[in-house]
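Trainee: please find the sequence and the predicted model below.
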Amino acid sequence: MRTRLLPALWLTLAMAGGVSAQTSKIVSGSTKFSVKFILGTCNGTFDAPRGEAVFNEKNPENASFDLKIAASTFKTNNNSRDKDMKSDKYFWVEKYPDIRFKSSKVEKKGDKYQATGTLTMRDVAKNVTLPFAAARNADGTYSLTSTFEVNRLDYRIGEKDWKLKDIVTVMLQATIR
């Protein structure tokens with residue numbers, strides 16, 4: 001997936017917080033992905049991200065996100081594929097249990113935001129910028145959404161293979177309080 005999209009992948013989910021600049025927790029969310037392969041498109045999920053977010057829509061430059069997704073929660077509804085993806089050939093969940101995004105900068109771009117920071121998978125850390133949208137809900141929570149692409153080979157997730165595309169599309173959603 002392209003390095004600029006994954007930042008939101010886990011970052012975007014935790015990016016929106018309360019109106020004040022206080023630490024918020026993710027109260028619900030989802031992490032979905034899709035990747036094309038020889039037989040079509042493989043869709044799957046990870047559990048919702050967990051972590052902390054500091055967000056103020058009036059001062060996004062003071063925002064920060066530290067998000068993690070448990071790599072072992074990878075699911076595609078194919079037990080054989082899921083087991084293989086958790087092995088040392090792909091995510092190697094025993095050695096690298098978390099996918100992490102830690103922001104270094106957040107800024108408003110038009111009516112949306114972008115978070116720049118470090119995305120780490122396996123033992124590879126890359127600087128990425130993730131786009132995201134933030135909407136305040138009636139109950140005072142924020143809904144954050146982000147869609148971005150990541151090149152799996154940049155993070156040593158598998159090897160080059162003519163049967164599997166390199167670019168993975170990630171869709172994150174999180175509600176923070």
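Mentor: Nice, thanks for sending it over. Just so you know, these numbers come straight off a predicted model, no measurement behind them.

Trainee: which helix or which strand is home to residue 175?
Mentor: In this structure, residue 175 is located in strand 167-176 according to DSSP states H and E.

Trainee: strands of this protein, start to end?
Mentor: Counting by DSSP state E, one finds strands in the chain at the ranges 23-37, 40-46, 50-54, 64-70, 98-109, 112-121, 124-136, 142-151, 167-176.

Trainee: what's the neighbour count on the closest residue to residue 64 other than its chain neighbours?
Mentor: Nearest non-adjacent residue to residue 64, counting by CB to CB, 6 or more residues apart in numbering: residue 54, 4.6 Å away. (C-beta placed from N, C-alpha, C; glycine too.) With neighbours defined by other CB atoms under 10 Å, the count for residue 54 comes to 20.

Trainee: residue 54 contacts residue 62, doesn't it?
Mentor: Yes: between residue 54 and residue 62 there is a contact under CB atoms under 8 Å: 7.0 Å.

Trainee: pLDDT weak spots in this protein?
Mentor: 1-22 (pLDDT under 70).

Trainee: go again using 80 as the cut-off
Mentor: 1-23, 55-56 (pLDDT under 80).

Trainee: just to revisit the earlier point, so which of the strands of the chain comes closest to residue 82?
Mentor: strand 40-46 (8.1 Å; CB to CB).

Trainee: other SSEs contacting the closest one?
Mentor: strand 23-37 (3 or more CB pairs under 8 Å, 6 or more residues apart in numbering; DSSP states H and E).

Trainee: which other helices and strands contact the strand it packs on?
Mentor: Packed next to strand 23-37, using 3+ CB pairs under 8 Å, 6+ apart, are helix 6-15, strand 40-46, strand 50-54, strand 167-176.

Trainee: 6 Å instead?
Mentor: Applying 3 or more CB pairs under 6 Å, 6 or more residues apart in numbering; DSSP states H and E, one finds that strand 23-37 contacts strand 40-46, strand 50-54, strand 167-176.

Trainee: pretty sure residue 65 is touching residue 102, no?
Mentor: No: if you go by CB atoms under 6 Å, residue 65 and residue 102 don't touch, sitting 7.1 Å apart.
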